[in-house]
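Participant: my questions are about this predicted structure, shown below with the sequence.
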Amino acid sequence: MVLKKISSLKVKIILLLSVLILFVTSTLTVIYIQNLNTLVNSNITLFSTTMIKNEKKELQNKVDLASNILKMYYKKTTPAYMENVVKKGLVSHQEQLFHQLNSIYTKYKDLESKVKLKKRLKDIVKYARYGSNGYFWINDMDNMMVMHPIKPSYDNKIFIDTPLVPFIQLGVDTLTKQKKDATFIKYKFYNPATKLYEFKVSLVRKFKPYGWVIGTGRYLSDVTPFVKQQALKSIQASRYGKNGYFWINDMNYKMIMHPIKPKYNNKFFINSKEVPFVSLGVDALKNTVKDSAVIKYSFYNPATEKYEDKLSIVKIFKPWNWVIGTGVYLNGINKSIQDVKKNKTIEENKLIWKIIIISLVIIIIVLFLAYYLITKFITNPMNTLSTEKEHFEEIAQIDFLTNILNRRAFYQEIEKYFAYAKRNNIQVSVMMIDIDFFKKVNDTYGHDAGDFVLQTVAKVVKNSIREEDIFGRLGGEEFGICILNSTNESLCQIANKIRTNIQSKEMKYNGTIIKITISIGGYNLYTHSEDFKIAFNKADKALYEAKETGRNKVEIYDDNIICDRDKF
Ligand code: GH3
Ligand code: MG
Ligand code: MG
């Protein structure tokens, strides 16, 4: 019983420890794998956000740079700068005309009649043009319009104090005042292009042979489109990387310049699927206080000839209300992110497998150890694994089933008793007990019931004798007892007490009441010269007789004693 308890306790501890180790190992493994996963995922997210952030920064730099180019051109549209540009242009164009006039005059002045040559030269001036609408007029020093190529109605009219046509008088007066052959004049004049009165700068120059003043002028505002055109050209030519470019649209959704698809130029794109970035950009800029915005959309990629996701930055250029934009196709970034993801996942999987294998090894070792230890304790409870000396000795002396002395221990004790009795001249008796028809109990109720009966018999017998009496299991269903200070009478009495206690005991096993009887052979030693083997042989003989003569009875190995069952 004690032994069973010991081994089952150990088994329980082993099981508990194993379960604990398994639980801790698997929990740690799961936690580790989860943490690893989160770490890898956050790494990838960090990588991709950094990547996109960098890309945005790059684009912002590019668009800022392009915006600076526009700013540079815009500076050319300040009044002073424009006046300078206009003046330079006028000088060069008039220089060309005068060169032509002078050379023809020189060539034909002796060949042709005065009238004819004058008409020839007048026609040259009349039809001379430059730029989109540059022309020359002729007046004389008497403020008379000699020839105006656009307004022939002015011809041969004198313009003095006429605010609508101020340039004749202004030119003549300035030339006279400055005593120069050529001078610039600046005045306000109606501009049919903008329908506004605007500053116009004109260059008037004397053509001496005929006393003419030949003038030509330009509105200062004429410079702006020219500068803008130049700015557009510059931006159009600005490229970076493999296929980085800038486009420009205005805040009214009109494409002003697209370097890759010029067919979009001057077209409006409001919520267009083909060209989504114009309205996306304008709307994003309208919705922000900043001067730039990020937009995402799908657009044709000339490199792959496919429509792909694109990330762009648009920036407003306020002076001209232009939007300048540039973008990058995200497939490059996505590919790098995918690559990183792939590599990280491979690394992660390798780590996970390592951890799983380590955990599995630990689990297998633990299971194996547990199995080994448990089987050892269950199948061989008396093995040397127990380090406690006490247990070891107990295991060697106690009968495993009945928890009384085993055969070896019993005979050892008897030997001591016999020696003690001999020394002190004390009377000794021995008894052999055998259960009657025990085989039948096994056959009828099963071996476990038989074990239970053996245990019960041991208990009942133990309770029927004194503490100092020796009681042991000799094997099977046989027990031995040794008592001191006894006579044949007392032996007979004690034996019958044991027998009747057993007979009257109701052994309840799994609800079934089992009743048994025992037979006892006893022997009270004649002399101290007999050893315990002889004594037990004699008791055994008496037992045999008890069995032979009916069972459930006590026989004493002494013909003089009749140990009658009926007396008890
Ligand atoms: P008898 O009255 O002649 O003694 O008959 P019996 O059946 O008791 O005698 P036998 O010697 O033929 O049978 C003894 C039986 O005891 C046989 C064996 O199976 C059984 N036995 C021996 N040791 C144990 C044990 O530890 N547990 C159980 N359940 N049975 C045991
Ligand atoms: Mg027997
Ligand atoms: Mg028997």
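Facilitator: That came in fine, so what should we check first? Ligands and ions are numbered 1, 2, ... in the order given.
Participant: residues in contact with the nearest residue to Cys563 once chain neighbours are set aside?
Facilitator: Spatially, and ignoring its direct neighbours in sequence, Cys563 is nearest to Cys492 (3.9 Å; C-beta to C-beta, 6 or more residues apart in numbering). The C-beta positions use only the backbone N, C-alpha and C, and glycine is treated the same way. Applying C-beta atoms under 8 Å, 6 or more residues apart in numbering to Cys492 gives the contacts Gly522, Val554, Ile556, Ile561, Cys563.
Participant: got the phi and psi for Cys492?
Facilitator: Cys492 adopts backbone torsions of phi -60, psi -40, taken as degrees, to the nearest 10.
Participant: for Met432, see how far away the closest residue to ligand 3 within the stretch 101-250 of the chain is.
Facilitator: Going by C-beta to the ion, ligand 3 is nearest to Lys242 of the stretch 101-250 of the chain, at 104.6 Å. The gap separating Lys242 from Met432 is 109 Å, by C-beta to C-beta, to the nearest Å.
Participant: likewise Ser92?
Facilitator: Taking C-beta to C-beta, one finds Ser92 at 149 Å from Met432.
Participant: cool, Asp540 as well?
Facilitator: According to C-beta to C-beta, Asp540 stands 5 Å off from Met432.
Participant: check Ile69 too.
Facilitator: Relative to Met432, and taking C-beta to C-beta, Ile69 is found at 123 Å.
Participant: of the two, who's got more company?
Facilitator: Between Ile69 and Met432, counted using other C-beta atoms under 10 Å, Met432 has the larger neighbour count: 24 against 16.
Participant: any part of the host helix or strand of Leu543 near ligand 3?
Facilitator: For Leu543, the host element (DSSP states H and E) is helix 532-548. No: applying C-beta under 5 Å from the ion, one finds helix 532-548 out of contact with ligand 3, separated by at least 7.7 Å.
Participant: still on that earlier bit, now do the shared contacts for Asp540 and Met432.
Facilitator: Taking C-beta under 8 Å, 6+ apart as the criterion, Asp540 and Met432 both touch Gly521.
Participant: that older thread, ok, the helix holding Leu543 near ligand 1 or not?
Facilitator: Yes: for helix 532-548, a contact with ligand 1 is found by C-beta under 6 Å from any ligand atom, at Lys547.
Participant: by mean pLDDT, which helix or strand of this structure comes out lowest?
Facilitator: helix 389-397 (a mean of 63; mean pLDDT, DSSP states H and E).
Participant: could you point out which element follows that one?
Facilitator: Taking DSSP H and E, what comes next after helix 389-397 is helix 407-424.
Participant: any idea how far Tyr154 lies from Ile556?
Facilitator: Distance of Tyr154 to Ile556, computed by C-beta to C-beta: 173 Å.
Participant: just give the nearest non-adjacent residue to Lys505, would you?
Facilitator: Spatial nearest neighbour of Lys505, chain neighbours left out: Val460 (5.4 Å); criterion: C-beta to C-beta, 6+ apart.
Participant: which helix or which strand is home to the one you found?
Facilitator: Per DSSP H and E, Val460 falls inside helix 447-464.
Participant: pull the distance from that helix to the chain's centre.
Facilitator: How far helix 447-464 lies from its chain's middle: 68 Å, per C-alpha atoms, centre = their mean, to the nearest Å.
Participant: going forward can the numbers begin at 5, since that is how I track them
Facilitator: Okay, using 5 as the starting number, the last item reads as helix 451-468.
Participant: nearest to ligand 3: which residue in the stretch 455-572 of the chain?
Facilitator: In the stretch 455-572 of the chain, the residue that lies nearest ligand 3 is Glu481 (5.0 Å; C-beta to the ion).
Participant: was I right to think that residue contacts Ile439?
Facilitator: Yes: Glu481 is within contact range of Ile439, at 4.1 Å (criterion: C-beta atoms under 8 Å).
Participant: just the pLDDT at the one residue in the chain that gets nearest to ligand 1, thanks.
Facilitator: Relative to ligand 1, the nearest point of the chain is Gly454 (2.4 Å; C-beta to the nearest ligand atom). pLDDT for Gly454: 96.
Participant: quick one: contacts for it?
Facilitator: Gly454 neighbours (C-beta under 8 Å, 6+ apart): Phe442, Val445, Asn446, Glu481.
Participant: return the member of those nearest to Thr198.
Facilitator: Asn446 (127.1 Å; C-beta to C-beta).
Participant: who's in contact with that closest one?
Facilitator: Residues in contact with Asn446 (C-beta under 8 Å, 6+ apart) are Ala453, Gly454.
Participant: so it, which of the three states?
Facilitator: The local conformation at Asn446, judged by DSSP: H, G, I helix; E, B strand; the rest coil, is helix.
Participant: how much space separates it from His262?
Facilitator: Applying C-beta to C-beta, the value for Asn446 to His262 is 105 Å.
Participant: before we move on, what about Glu62?
Facilitator: The value you get for Glu62 to His262, if C-beta to C-beta is used, is 21 Å.
Participant: get me the contact residues on the stretch 405-554 of the chain for ligand 1.
Facilitator: Residues of the stretch 405-554 of the chain lying close to ligand 1 (C-beta under 6 Å from any ligand atom) are 405, 438-443, 446, 451, 454-455, 458, 480-481, 551.
Participant: please repeat the previous calculation with a cut-off of 8 Å.
Facilitator: For the stretch 405-554 of the chain, the residues in contact with ligand 1 (C-beta under 8 Å from any ligand atom) are 405, 438-446, 451-455, 457-458, 479-481, 523, 551.
Participant: do the same with the chain
Facilitator: Residues of the chain lying near ligand 1 (C-beta under 8 Å from any ligand atom): 405, 438-446, 451-455, 457-458, 479-481, 523, 551, 555.
Participant: what average pLDDT does the lengthiest helix in the chain get?
Facilitator: With secondary structure taken from DSSP state H, the chain has its longest helix at helix 6-79. Helix 6-79 carries an average pLDDT of 86.
Participant: angle of the very next helix or strand once past that helix against helix 6-79?
Facilitator: Sequence order places helix 83-112 as the next helix or strand after helix 6-79, per DSSP H and E. Angle, helix 83-112 to helix 6-79, by axes from the mean of the first three to the mean of the last three C-alpha atoms, to 10 degrees: 40 degrees.
Participant: off-centre distance for helix 83-112?
Facilitator: Chain-centre distance of helix 83-112: 74 Å, with C-alpha atoms, centre = their mean.
Participant: now for it, which elements pack on it?
Facilitator: Judged by 3 or more C-beta pairs under 8 Å, 6 or more residues apart in numbering; DSSP states H and E, helix 83-112 is in contact with helix 118-131, strand 186-195, strand 200-211, strand 216-223, helix 227-241.
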